[in-house]
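Q: Starting from these lines, generate the structure:
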Amino acid sequence: MMSAVELLHRHFETLVGNPLQWQSLVDDEVLWELPFAPALGHPARLTGRAEVVRHATWFVGAVENFRFFDLRVYPNADPDQAVAEVRAEGVIKETGRLYQQEYIVFLRSKGGRILSLREYFDPTRAAAALDVPLKL
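A: Residues are numbered from 1 along each chain as shown. From the prediction side, this is the model:
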């Protein structure tokens, strides 16, 4: 059974590179919180496998040559919780613009699967790459 630290590593290794394998990491009751996503017109919460997979599939399809790098994972005293800092870049297909981002991701696991993700990112960078106005 994977710990939260191992799940975070696998999350970043497979989300883009092997989406089907990534889906196997996700609990059926998963909650993905994106507190700054409403500034882009996206939901702040995705609940359940279907919503989370739909969002991840959209993202993977919207960006080409996307990669995560400079991953740092921090364990918690509770093996079912961990935090990561990671940088990423890719090109938004629709606009042709470079998307560069830094993420902070909190993960909670249950039974060796991802139960929740809370992802923080700079919405101004995403808005510029997507060529969409921020919704404040």
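
Q: low pLDDT regions in this structure?
A: Applying pLDDT under 70 to the chain picks out no residues at all.

Q: mind listing the strands in it by residue range?
A: 26-33, 45-47, 63-75, 81-92, 98-110, 113-120 (DSSP state E).

Q: Can you give the strand pairings for the last one, parallel or anti for each?
A: When you say that, I think you mean strand 113-120. According to DSSP bridges, strand 113-120 forms sheet pairs with strand 26-33 (parallel), strand 98-110 (antiparallel).

Q: List just the one of those that sits closest to W58.
A: Closest to W58 of these is strand 26-33 (Cβ to Cβ; 12.5 Å). From N, CA and C alone the C-beta is placed, and that goes for glycine too.

Q: how about the most centrally placed residue in the chain, what does it touch?
A: In the chain, the residue lying closest to the centroid (Cα atoms, centre = their mean) is E119, at 6.2 Å. Listed by Cβ atoms under 8 Å, 6 or more residues apart in numbering, the contact partners of E119 are W32, E33, L34, Y103, I104, V105, F106.

Q: coming back round to it: could you dump the strands paired with strand 113-120 to TSV with distance to E6?
A: Listed next are the strands paired with strand 113-120 as TSV, based on distance: least, Cβ to Cβ, whole Å:
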stretch	distance to E6
strand 26-33	14
strand 98-110	9
